[in-house]
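J.: Have a look; sequence and predicted model below, questions after that.
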Amino acid sequence: MNHTEYGIPLYGVGWVPDGAQPPETESTQSVPDSSHIVLTGGGGEGSTGVKNAVLVVRFDPAATSISHEPVAELRLGSELPYRMAVHPDGLICSFPESCSWFEWEKELGDGAYKLSVRRSDRVLEQLQNVGQQLALAFNKESSVLATGGEDGKLRVFKWPSMEIMFTEDQAHKTVKQIDFSHDGKFLVSLGQSGPGRVWDVSSAAVVATLKTEKNEVFCACKFSLVNNGSQVLHLADKDGIIVTWNTTTWKRVRSKRITRDGIMSFDVSADGKLLACGTTAGDLLILKSAGLQIHKVVSKAHSGFVTALSFSPDSRVLASASMDSSARVSTVEEVKKKGVNLWVVILIILVSILAYFLNDPESWTILKSELEKFYSSWH
């Protein structure tokens, strides 16, 4: 199935990198070229009875489906993994007070390898007792980690050494979103409200302030490649507007409303050609990044807020997660309408009629006479 419920509210979704995938065995060949998706979520603290967990599910590209049951589940007690960032060696999750590192494991059982995840023995000392981190991101080379805190503090580390590159105590009142540029030179950050900021990673300097207009409240940010190899920056406004910025001049180049619903989640495909938005109504919108035209809409993809989105590495599939406990995989191709185009049918009929009369001079004379009478009656 391409839509499955897993019993817990979901807040994070990501594709397990190719290097972490278990090797194929005879028992796994029935699912050719399968890969995995990691999900995080739960009910939080207290006696809700809803578990907190990291889930690994199998994705079947031939059927565009995900496994009905997780292939691995790691329960986390009372700790809710509110945010996550995926790395080739594992993933980092943020909890109410600290962050933890988890590692991929490839287990062999019953003649088949199974991918699972375990909490690492390694403790990220620099991210213990720092409060809730609302934003986590690795750069594209997975060599730098950035975190943004509920307290407004921005932290950037070398990975895996966790050597501090820079910290900014008051980047925003609260850091809600961050993203690295494709070349790793810049880091964009957004707060609860107000302008976004772009940071030079090597110098820790603010190179641009992305000002809001007309009561905009930016809620998501993503750098994107364009055809000539350069980059643009897309910011999503919570009320359904996408704003695109030039990353040389740091000026706006485009602004367009793409939905009347609120935007809850946002992602850009690896090839830079597509954007995706998840809405408060549970819809998925896939856009062409060049002109922000709608490419595909999946209405009511979820019955609740779409909390997280992630394009597959090959940019062909979009994975989404929701507070309604469901995950979904959607192909990015436009759905072609079945059936023959009506205008094509009409054209074929007209050509057939014309061919018939041209081959029958007497019938053609009669038709021509009737058409002349019809024309005369209108003049």
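T.: Thanks, I have the structure now. Values in this document were obtained by computation on a predicted structure and should not be read as measured data. Numbering: from 1, shown residues only.
J.: For the rest of this, base every contact and every neighbour count on C-alpha atoms.
T.: OK.
J.: What count of nearby residues applies to residue 104?
T.: Residues near residue 104, counting by other Cα atoms under 10 Å, number 20.
J.: nearest residue to it other than its sequence neighbours?
T.: Take residue 104 and drop its neighbours on the chain: the residue closest to it by Cα to Cα, 6 or more residues apart in numbering is residue 117, 4.6 Å away.
J.: Doesn't the one you found belong to a helix?
T.: No - if the criterion is DSSP: H, G, I helix; E, B strand; the rest coil, then residue 117 is strand and not within a helix.
J.: neighbours around it, how many?
T.: Counted with other Cα under 10 Å, the neighbours of residue 117 add up to 20.
J.: likewise residue 110?
T.: The burial count for residue 110: 7, using other Cα under 10 Å.
J.: got a pLDDT number for it?
T.: Listed pLDDT for residue 110 reads 70.
J.: coming back round to it: ok, the residue nearest to residue 104 touching residue 107?
T.: No - with contacts counted by Cα atoms under 8 Å, residue 117 stays clear of residue 107, the gap being 9.9 Å.
J.: Contact partners for the residue nearest to residue 104?
T.: By Cα atoms under 8 Å, 6 or more residues apart in numbering, the residues touching residue 117 are 54, 56, 72, 73, 74, 90, 102, 103, 104, 105.
J.: Could you list which of the residues you listed belong to strands?
T.: Mapping the contacts of residue 117 onto strands (DSSP state E) picks out 54, 56, 72, 73, 74, 90, 102, 103, 104, 105.
J.: thinking again about what came up before, just the buried ones from the contacts of residue 117, in ChimeraX syntax?
T.: Per 16 or more other Cα atoms under 10 Å, the buried members of those correspond to this ChimeraX selection:
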select :54,56,72,73,90,102,103,104,105
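J.: With pLDDT added, can I get the contacts of residue 117 in a markdown table?
T.: Shown next, in a markdown table, are the contacts of residue 117 (pLDDT from 0 to 100):
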| residue | pLDDT |
| --- | --- |
| 54 | 98 |
| 56 | 97 |
| 72 | 96 |
| 73 | 97 |
| 74 | 98 |
| 90 | 97 |
| 102 | 98 |
| 103 | 98 |
| 104 | 97 |
| 105 | 95 |
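J.: quick one: low-confidence parts of this protein?
T.: For the chain, applying pLDDT under 70 flags the ranges 24-34, 47, 109, 111, 334-364, 366-379.
J.: Please enumerate the helices of it.
T.: 342-358, 361-377 (DSSP state H).
J.: mind listing the strands for the stretch 101-250 of the chain?
T.: 112-119, 133-138, 144-149, 154-158, 164-168, 175-180, 186-191, 196-200, 206-210, 218-225, 231-237, 241-246 (DSSP state E, counting those that start in this stretch).
J.: In its sheet, which strands sit next to the first one, and in what direction?
T.: Strand 112-119 has the following sheet partners, assigned by DSSP bridges: strand 99-109 (antiparallel).
J.: any residues touching the partner strand, and which ones?
T.: Contacts of strand 99-109 (Cα under 8 Å, 6+ apart): 20-22, 89-94, 113-120, 122-124, 127-128, 133.
J.: from those, which would you call buried?
T.: Neighbour-count burial (16+ other Cα under 10 Å) applied to the contacts of strand 99-109 gives 20-22, 90-94, 113-119, 124, 127, 133.
J.: Neighbours of residue 288, how many?
T.: Residue 288 has 15 nearby residues by other Cα under 10 Å.
J.: Quick one: closest of the strands of the stretch 101-250 of the chain to residue 330.
T.: Nearest to residue 330 among the strands of the stretch 101-250 of the chain is strand 218-225; the distance by Cα to Cα comes to 20.3 Å.
J.: For that closest one, which helices and strands make contact with it?
T.: Here strand 218-225 is seen to pack against strand 175-180, strand 186-191, strand 231-237, strand 263-268 when contacts are counted using 3 or more Cα pairs under 8 Å, 6 or more residues apart in numbering; DSSP states H and E.
J.: Recalculate using a threshold of 10 Å.
T.: Packing partners of strand 218-225 (3 or more Cα pairs under 10 Å, 6 or more residues apart in numbering; DSSP states H and E): strand 175-180, strand 186-191, strand 196-200, strand 231-237, strand 241-246, strand 263-268, strand 274-279.
J.: Cool, thanks, signing off.
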